[in-house]
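J.: Fold the following, please.
(2 chains)
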Amino acid sequence: MVGYTFLLILLLSAVGFVLNRNAAQELRAGGSRLHSLPVFHGGYALALAGLPALIFVLLWLMFEGSFVSALVRASLPAEAVAGLGAGELSLIMAEVQQTASGLIFGEPAQYVRDAAAYYNTLHSISDWAMFALVLFILAGGIFLARRSVATEFRARQRVEKVLSGLMIFASVIAIFTTIGIVASLVFEAARFFALVPITDFLFGTAWEPQIAIRPDQIAGAGAFGWLPVILGTLVITFIALLVAVPVGLLSAIYLNEFASPLLRKIAKPILEVLAGVPTVVYGFFAILVVAPALRSFGGDTLGLPISPNTALAAGSVMGVMLIPFISSFADDALTAVPRSMRDGSLALGATQSETVLKVLFPAAIPGIVGGVLLAVSRAIGETMIVVMAAGLIATLTINPLDSVTTVTVQIVTLLIGDTSFDNPKTLAAFALGLMLFIVTLALNVVALRVVRKYRELYD
Amino acid sequence: MQDAITNALAIKVACDKVNVHYGDTHAIKDVSIDIQDKTVTAFIGPSGCGKSTFLRCINRMNDTIDICKVTGRIELEGDDIYDAGIDPVQLRARVGMVFQKPNPFPKSIYDNVAYGPRIHGIAAGKAELDEIVESALRKAALWNEVKDRLQSPGTGLSGGQQQRLCIARAIATAPEVLLMDEPCSALDPIATAQVEDLIHELRENYSVVIVTHSMQQAARVSQKTAFFHLGFMPEYDDTEKIFSNPSDKRTQDYITGRFG
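T.: Numbers count the residues shown, from 1 in each chain, chains lettered A, B, ... in the order given. This is a model prediction of the structure:
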């Protein structure tokens, strides 16, 4: 029924559009000069009929469920619900709803069957009422819109107002989603900080969050200092960038400026394939190829102490993953530098590499910073490679040959298995998430500043 | 009198039977021209006739276009510039170029002018570089306007100032020949007059070749004029003669406004 209602809205709005457009076209064919094009008159009918109907249906559906449930609950026999708590009552209501939709488990009591039947009746009444009201609204909208068609009627302005309203609505959705995400993070993190002092979290150097959530569990003592975790994240990000930025930039410069067209045509897609490899596959590569190679070279040949899981293996493989981000951003930025810059430099007797280094590269910095920033965000947020190759134990170290862990990995491990949302172990995940959010936000702000500074110089 | 003076000047760039192909298009057909030292030579002709293409042969800027092929002989003071022994990078330091649209680098005014001297290692120290920059800006008649803000970005100047900055940038490397590809087409009349005055002064030290769409401009600034048409160069003579008594029918049609 709801589906038919939406179909009805679509159909009748289209009818309104065609009616109004044709009416306007007739006016024009009659020799009068219209203020707005016929298509705007049509669009006005579409908006006047379709939008109120759509908003009405959405509101109706929003309140229908709770209204029907309240009626059904009130109809339950008093002796069946006497003395029941809110939890038990909602269990009964869930049973009623399941029975109403035909999912019957065991033998429901007679009063549940009755309530289910009543529930279905109410729903179908509500559906029909909605259908009828929507039909009325649509007809009214079409009628009003059709009456307004006149040479002087400013349909274009009205339609444009509706369109700008839709665009505002779309941006508001994005903004409110962000606010909602931040709010939920802050709210849960605040509950965590109520259990664990914020100073312990910010300045503690030990991270052992796997505490017991049931009395019979054997677990860690519980220490919630985030420093080792964020340090691990920074070490791995740094290693990844150390690999990705030089390789990505140099390959972009080579492909953009020096490579023959044929080589460029072959090499670019191959480079971009790297971006399409799933991170799990990179994880395999890190533990099966890179980590053993590191151990056999660094450990056996050079005699260095190397753990089985190392920040170096995870970070360098992550760096390979990030190469295409940086190189494609840098490539676009270099291509976007006007040809006149290149010619100007070459005409002064600069060589190709001088031109790249002194003119193209500075001009392309905003785009390149954008790519590096994206790579940093990816590196900080990357989970899978680190879970597989870097380890789970938080160690306060900057030694790349040691095993480290990252913020995202810890969030995953905290939310896997037994969880309980009044326990610091689980809530710590939200505190970490909040800190991660703050760190990436700060990075974004800094990068935006850099980009703006250089862009002003360039334009 | 004018003829006697200009004809006595040495030949700076000698071009013999130059042909240019863009892929399948034959853009320049057998053009031979001797460009004099300390002279302003104007290239005129309808759009697409090959003026700019020919200009870009003289400093080998056409090399940067993959599909472009240049044949024939161009000599700069007797050296074949397309000879395998000639490095285009060094050639371009001797033959400067100013483009149609002002194209200052996104750097400060000072760094724009110092760009060429720095990459060619012309200045021995900071003081000498300062001197070169100042003298180039003075020659380009820009010094008084920018001397107090040498560190502000060159892209912040007005269009006419930007073009003079590009001229200063080109003469800072002390070239022997200055090529100008419609240097005033993006400028307003006042800025155009300033650049034209500048071209007048530049003639004392350089051989200037200017491509222009404006016949008035060619008449105002040049001593010699070459007329290009469909890839050929039908006529090359003293500017006065070209505009008063052209010997080729096509030149006459063009300057009297029959086409172009």
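
J.: Point out where the stretch 151-300 of chain A drops to low pLDDT.
T.: Flagging of the stretch 151-300 of chain A using pLDDT under 70 yields the residue ranges A:212-221.

J.: and with 90 instead?
T.: Where the stretch 151-300 of chain A drops to pLDDT under 90, the residues are A:151-155, A:188, A:191-230, A:232, A:256-261, A:264-265, A:267-277, A:279, A:287, A:290-300.

J.: phi, psi of the residue of it found nearest chain B?
T.: Proximity of the stretch 151-300 of chain A to chain B (CB to the nearest CB) peaks at residue A:261, 7.4 Å away. To be clear about C-beta, it is placed using only N, CA and C from the backbone, and glycine gets the same treatment. Backbone torsions of residue A:261, given as degrees, to the nearest 10, read phi -50, psi -40.

J.: what number of residues lie near it?
T.: Applying other CB atoms under 10 Å in any protein chain shown, we find 8 other residues in the vicinity of residue A:261.

J.: what's near enough to touch it?
T.: Contacts were defined as CB atoms under 8 Å, 6 or more residues apart in numbering or on different chains; by that measure residue A:261 touches residue B:66.

J.: okay, how far is it across stretch A:21-41, tip to tip?
T.: 6 Å (CA to CA, to the nearest Å).

J.: nearest spatial neighbour of the closest residue to chain B within the stretch 301-450 of chain A, skipping sequence neighbours?
T.: In the stretch 301-450 of chain A, the residue that lies nearest chain B is residue A:349 (3.4 Å; CB to the nearest CB). Distances taken as CB to CB, 6 or more residues apart in numbering or on different chains put residue B:93 closest to residue A:349, at 3.4 Å, once the chain neighbours are dropped.

J.: where does that neighbour land in three-state SS?
T.: helix (DSSP: H, G, I helix; E, B strand; the rest coil).

J.: Isn't residue A:359 up against residue A:341?
T.: Yes: Residue A:359 is within contact range of residue A:341, at 5.4 Å (criterion: CB atoms under 8 Å).

J.: which of these two has more neighbours?
T.: Under the criterion of other CB under 10 Å, the comparison of residue A:359 against residue A:341 puts residue A:359 first, with 23 against 20.

J.: so what's the residue nearest to the more buried one when sequence neighbours are not counted up against?
T.: Counting by CB to CB, 6+ apart, residue A:359 lies nearest to residue A:345, which is 4.6 Å off, once chain neighbours are set aside. Residue A:345 is in contact with A:354-355, A:358-359, B:105, B:115, counting by CB under 8 Å, 6+ apart.

J.: Which ones among these lie within helices?
T.: Within these, residues falling in helices by DSSP state H are A:354-355, B:115.

J.: from those residues, which is closest to residue B:129?
T.: residue B:115 (10.9 Å; CB to CB).

J.: residues contacting the closest one?
T.: A:345, A:348, A:350, A:358, B:105, B:107, B:169, B:172.

J.: Can you tell me the SS state at the third one?
T.: Going back to what we said before, that points to residue A:350. Applying three-state DSSP: residue A:350 is coil.

J.: Pull the number of nearby residues for it.
T.: By other CB under 10 Å, the residues close to residue A:350 number 24.

J.: Quick check: it touching residue A:358?
T.: Yes: if you go by CB under 8 Å, residue A:350 and residue A:358 touch, sitting 7.2 Å apart.
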